[in-house]
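Asker: okay, here's the prediction I keep looking at, along with the sequence it came from:
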Amino acid sequence: MSARFCCPALLLAASSLASAAAIAQGVPPEAYKAKTVFIRNHAGGASLENAADEELSKWGRFTLADDEASADILLVFSKNGIQNTEKSDNKKDGTCCDTSYGASFSPGATARAYLKGHGPGPGSLPFWQDGCGGMTQKATGKGCIDAFKKQFPR
């Protein structure tokens, strides 16, 4: 095979693999055409949402929608869960058991992205999600948008 045919074939194969990789990651082609985003904040205070809004505005890839119905993409922030713990140890006299209970709280939030008309709701799956942590709500909001940006390389 001559070099003329080899290189275009490789470029075509590489671009096909890149497209397949984007779909395999779960980001549907419609998401790349989206223009507007709305944030539904179930994770807490206004500082998280304000930081996310600010990061989206700085990025410039999307416009913040005024309401959920007019958005192409819905970003839903949820609190990270509470993890209950239970520990049982044998008593000092060898009998069973001394049990202790506790709970741990994870800082940060989980962000999920849905296309317009695809959720969230029973049976709907986000096209993207990430656990974005931060020690403050502002850092969490920024971290969530930074993680979201990686789905839309320039």
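Answerer: Good, I have the coordinates. If you're wondering where the values come from, they're calculated on a predicted model, not measured in any experiment.
Asker: ok but residue 112 is inside a strand, no?
Answerer: Yes - assigned with DSSP: H, G, I helix; E, B strand; the rest coil, residue 112 falls within a strand.
Asker: is it bridged to anything, and to what?
Answerer: On the basis of DSSP bridges, residue 112 is bridged to residue 76, residue 129.
Asker: for residue 60, see how far away it is.
Answerer: Look at residue 112 and residue 60: by C-beta to C-beta, to the nearest Å, they are 22 Å apart. Where you see a C-beta, it was placed from the backbone N, CA and C, and this is true even at glycine.
Asker: strands of the chain, start to end?
Answerer: For the chain, the strands defined by DSSP state E occupy 36-42, 63-64, 73-79, 82-89, 98-105, 109-115, 128-132.
Asker: residues making contact with the shortest one?
Answerer: The list of residues contacting strand 63-64 from outside it, by C-beta atoms under 8 Å, 6 or more residues apart in numbering, reads 35, 36, 37, 38, 39, 53, 56, 57.
Asker: okay, now the sheet partners of that strand, with direction.
Answerer: Strand 63-64 pairs in its sheet with strand 36-42 (parallel), by DSSP bridges.
Asker: quick one: contacts of the partner strand?
Answerer: By C-beta under 8 Å, 6+ apart, the surrounding residues in contact with strand 36-42 are 48-49, 52-53, 56, 62-65, 67-68, 70-79.
Asker: pLDDT on that strand, on average?
Answerer: For strand 36-42, the per-residue pLDDT values average out at 93.
Asker: for that strand, C-alpha coordinates in PDB please.
Answerer: Only the C-alpha atoms of strand 36-42 are listed here, as PDB (Å, rounded to 0.1, in the frame of the first residue of the first chain):
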ATOM      1  CA  THR A  36     -27.700  26.200  27.700                       C
ATOM      2  CA  VAL A  37     -27.300  24.700  31.200                       C
ATOM      3  CA  PHE A  38     -29.500  24.900  34.300                       C
ATOM      4  CA  ILE A  39     -28.300  23.900  37.800                       C
ATOM      5  CA  ARG A  40     -30.600  22.200  40.200                       C
ATOM      6  CA  ASN A  41     -28.900  22.400  43.600                       C
ATOM      7  CA  HIS A  42     -29.900  19.700  46.100                       C
END
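Asker: no more questions from me, cheers.
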